[in-house]
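A.B. asks: Below are the sequence and a predicted model for it; my questions follow.
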2 protein chains.
Amino acid sequence: MTVVNPAPSEALAGLVSTGADHFATAVEAQGVPVERVEWQPPMAGTADDLAVLATDPLRRAANARAVEAVLSSQASLVDVAPASEVLGLEPGQFLHAGPPIAWNRTSGPLRGALMGAAAFEGLVDAPEDAVALFEGGRFALEPCHHRRTVGPMAGVVSPSMWMFVLEDPATGRRTFCSLNEGLGKVLRFGAHAPEVLERLRWMSAVLGPLLRDTVRAGDPVDVTGILTQMLQMGDEAHNRNRSGTLMLLRDLAPGLASSGHDPADVADVLRFIGGNDHFFLNLSMPACKLALDAARDIDGSTMVVAMARNGTEFGIQVSGTGDQWFTGPAQYIDGLYLGGFGPEDANPDIGDSAITETAGIGGFSMATAPAIVRFVGGTVPDALATTRRMHEITLAKNPRWTIPVLEFDGAPTGIDVAAVCRTGILPQINTGMAGNRPGIGQVGAGLVNPPAEIFPAALAALADRARSRAA
Amino acid sequence: MTVVNPAPSEALAGLVSTGADHFATAVEAQGVPVERVEWQPPMAGTADDLAVLATDPLRRAANARAVEAVLSSQASLVDVAPASEVLGLEPGQFLHAGPPIAWNRTSGPLRGALMGAAAFEGLVDAPEDAVALFEGGRFALEPCHHRRTVGPMAGVVSPSMWMFVLEDPATGRRTFCSLNEGLGKVLRFGAHAPEVLERLRWMSAVLGPLLRDTVRAGDPVDVTGILTQMLQMGDEAHNRNRSGTLMLLRDLAPGLASSGHDPADVADVLRFIGGNDHFFLNLSMPACKLALDAARDIDGSTMVVAMARNGTEFGIQVSGTGDQWFTGPAQYIDGLYLGGFGPEDANPDIGDSAITETAGIGGFSMATAPAIVRFVGGTVPDALATTRRMHEITLAKNPRWTIPVLEFDGAPTGIDVAAVCRTGILPQINTGMAGNRPGIGQVGAGLVNPPAEIFPAALAALADRARSRAA
């Protein structure tokens, strides 16, 4: 049995069929692109819950509200400031990516980053000295998501780190993300060698203050607008942020040059941003979180508002179930390795960066960034097919984020827990790959899915709420 | 009758047929993308010349040499300096786009630009005063191409204008192009209002000197490398130069910041470049010319080394026929108009910018820049089909300039006069559209072809040379 999954043009939107294969062939013979996918039954044990939600009187309007909230969100970069100031983070408090986790269950890269951050804060002399203090419960761990923050990979934030501050001008809602260090041996991939901490010190002493003064003196940077342009420029804004980084540089460079700071420092900052194609990731992520936070806590909505991994567990949060996390084991990544590394070096999936896929870009918009297959693996036809497939499990097409090669079709936006359970199609994430031992850093990049079981678990919780309301 | 023109993957490269339509249908039914094009006989009157060239013993090796020369060329930005210095241009001498032309045959936009340039040089008080002097033969006109230069649109260069200087480090060969003014009311589109001349004065007083000092103090900018990246970032480097402009800004910004110039001027320069998505066009063009100049004057080669338009005539030069121009009437452009303008306002095709298509990018690589259809018209499938079609008339695929969405197929490079005459397929150019009266400026952008008759004329000249050698 096959499902005919036509190109998502409006004219063909109704052309979905579970008919026999000769129908697919006939459609192809008329020149219509056809993707053959295996038909799958609903996920095991979800039939009853799907039936309950299908008749939930709140669901349709709740999801429409959630979609509207996401699509109407605008993100502007309005400030750059230390986490101690804008998050109220105190010495000994550390944020991390993903759902909540205790030290004794942390994976290598998260552990390595926490050790490095403790040394960076001056709480210990060397990263290794921090282990006993974490084990002894002297330091507090908390998910970034619990403080309106997202962090790529290990996602560790400590009080002295500087944060991008994003705001939706219509609502005043804010989100936060640290500044991107670059690739390779960097804290967020679990490295904490002296040069890693040295770079973090320069970022706090020079990069942060120059960005703060520039952003405060100029107009807010239109992060949502840059994302719109990026999707026309070969970036999917998760693992390709090249044009985004360049547009940010364009917007900040004149203000940096006339900021009154030492021209040598200005040149260093311009060189640092320009030399790191991923710098914009740390704006893409909080922009996505800002949009999704606007869709939280809508009773009856089956839309996913966060996907996040701490290196041990993968968790999702859903609009209709508040702050509850549904978690399962983080998966291993299928991808390409940096020189000298192989599968035995790789940690399972880690980072809050899947917030991009949750908002419809990243892996969901790979069709617009075919060059990414050289970084994460796979083929160009796979990349095109992935975006088409993600429309099967999403609630909307984002009219602001369009994909030229798919004839300006909107990015597949708003993952529907019910659609995932009904189709068995899992969200597609592309991601960096951290080394599995503290101190290693990045070992590759690739493709990964969430653990399947978290969607039936979320579905059950949604169905329970629907049953309670009906009772 | 149809020609089955499969996607240009290596595995299918041989799958070209003039068989009946059911063959195309059968191939499509197997999921192979098929483009149906009308089969055309060779261009009228070319059969004998095609036969002569088919047996020319020089041709194959000559074209291989020409291709190798183009593909191995590297362009670096090594200097920025006034035309008077680097081209030896003297007061009263003006370069223009396209093949040679006398004042009395110039079109509106070229005339407008020449009038403005005369005023900019201080040879007259007002642009209108220059008309009598041009009519009286007091000023000299010469094609840019005759001085190793290319100019977009009117392409007017006068001694006080500053030029990008590009060099191939392996050969020391150089080419030149003026600095891009932006869009709208600008000299190259034939405008010459006071603000146009004011902007040119700022470019000579501030922009040029700052760029000179920055380029001279730093490493040469790798223009060819930027072009490689652009094709992965949604630019085709003729009418989309967004990422290219941003990468140039990235490469120059640190040096500008630490140049010692007034920070306010540095900020103005950064703002000017960042505010003009087309700034890089004036580097893309001379980089293409540098590659194609390396393929000039190869006896027996049927490769086109220049396509250029002066607004009245469209001309080509061919490797095997030296500096001879083959010209025909410039065509009207099919495209999109800026607000308030329509077909009655448009001048025929103008500019040296078709050097990009001659080198395999621009219209030839539209598949990699599908968003461009919103600027030049047409559809996304058209853009993809155009790149595939251009492989029918080109000699090579450029391994450095690859197109991700076509599974990293190389750009169709090196137009073969014989292939154009044999297939009747004309080179596809996308281009800006100038107003048809002096002083108007840009009125739109769109798609255009050369006049068909210039290819049989070039073919005849090539065949004559082959006959002479054989005699």
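C.D. replies: That came through, no problem.
A.B. asks: For stretch A:431-445, buried residues please.
C.D. replies: Residues of stretch A:431-445 classed as buried by neighbour count (16 or more other Cβ atoms under 10 Å in any protein chain shown): A:431-436, A:438-445. Every C-beta, even on glycine, is put in place using the N, C-alpha and C of the backbone.
A.B. asks: Same question for stretch A:299-315.
C.D. replies: Applying a neighbour-count criterion of 16+ other Cβ under 10 Å, one finds A:300-315 buried in stretch A:299-315.
A.B. asks: ok, which pair from those is furthest apart?
C.D. replies: Greatest spacing in these, by Cβ to Cβ: A:Gly300 and A:Gly311 (32.7 Å).
A.B. asks: now the strands: where do they sit in the stretch 101-250 of chain A?
C.D. replies: Per DSSP state E, counting those that start in this stretch, the stretch 101-250 of chain A carries strands over the ranges A:140-143, A:162-167, A:174-178, A:221-222.
A.B. asks: Among those, which comes closest to B:Asp268?
C.D. replies: Nearest to B:Asp268, of all these, is strand A:221-222, at 19.4 Å by Cβ to Cβ.
A.B. asks: Could you list the paired strands of that closest one along with their orientation?
C.D. replies: Sheet pairing for strand A:221-222, assigned by DSSP bridges, gives strand A:76-82 (antiparallel).
A.B. asks: Could you point out the helix or strand that follows the partner strand?
C.D. replies: helix A:83-86 (DSSP states H and E).
A.B. asks: Compute the number of surrounding residues for A:Gly45.
C.D. replies: 12 (other Cβ atoms under 10 Å in any protein chain shown).
A.B. asks: thinking it is in contact with A:Leu459, fair?
C.D. replies: No - A:Gly45 lies out of contact with A:Leu459 (Cβ atoms under 8 Å); the separation is 9.3 Å.
A.B. asks: Chain neighbours aside, what residue packs nearest to A:Asp222?
C.D. replies: A:Ser76 (6.0 Å; Cβ to Cβ, 6 or more residues apart in numbering or on different chains).
A.B. asks: List the residues that contact the one you found.
C.D. replies: A:Ser76 is in contact with A:166-169, A:220-224, counting by Cβ atoms under 8 Å, 6 or more residues apart in numbering or on different chains.
A.B. asks: Next, the buried residues of stretch A:343-351.
C.D. replies: Quick answer for stretch A:343-351 (16+ other Cβ under 10 Å): A:345-351.
A.B. asks: Closest one to chain B out of those residues, please.
C.D. replies: A:Gly351 (24.4 Å; Cβ to the nearest Cβ).
A.B. asks: low pLDDT regions in chain A?
C.D. replies: Applying pLDDT under 70 to chain A flags residues A:1-39.
A.B. asks: So if we follow the domain assignment, how does it break up?
C.D. replies: A:1-39, A:44-71+A:295-470, A:76-286 (automatic domain parsing).
A.B. asks: got the end-to-end distance for the longest one?
C.D. replies: Separation of the first and last residues of domain A:76-286 by Cα to Cα, to the nearest Å is 10 Å.
A.B. asks: before we move on, the earlier item: write a PyMOL command that selects only the buried members of the contacts of A:Ser76.
C.D. replies: In PyMOL, this line selects whichever of those come out buried by 16+ other Cβ under 10 Å:
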select buried, chain A and resi 166+167+168+220+221+222+223+224
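A.B. asks: Most widely separated two among the contacts of A:Ser76?
C.D. replies: Farthest-apart pair in these is A:Asp168 and A:Val221; separation 13.6 Å (Cβ to Cβ).
A.B. asks: and of the buried residues of stretch A:299-315, the nearest to chain B?
C.D. replies: Proximity of the buried residues of stretch A:299-315 to chain B (Cβ to the nearest Cβ) peaks at A:Met307, which lies at 26.5 Å.
A.B. asks: Quick check: the closest one is in a strand.
C.D. replies: Yes - the assignment for A:Met307 by DSSP: H, G, I helix; E, B strand; the rest coil puts it in a strand.
A.B. asks: Surely it is in contact with A:Pro427?
C.D. replies: Yes - the criterion here is Cβ under 8 Å, and A:Met307 meets it with A:Pro427 at 6.7 Å.
A.B. asks: Find residues that contact each of those two.
C.D. replies: Common contacts of A:Met307 and A:Pro427 (Cβ under 8 Å, 6+ apart): A:354, A:357-358, A:415, A:450.
A.B. asks: Out of these, grab the one that's most surrounded.
C.D. replies: Top of the shared contacts of A:Met307 and A:Pro427 by neighbour count (other Cβ under 10 Å): A:Ala354, with 32 neighbours.
A.B. asks: Bridged to the residue nearest to A:Asp222, which residues?
C.D. replies: A:Glu167, A:Asp222.
A.B. asks: Sweet, I'm off.
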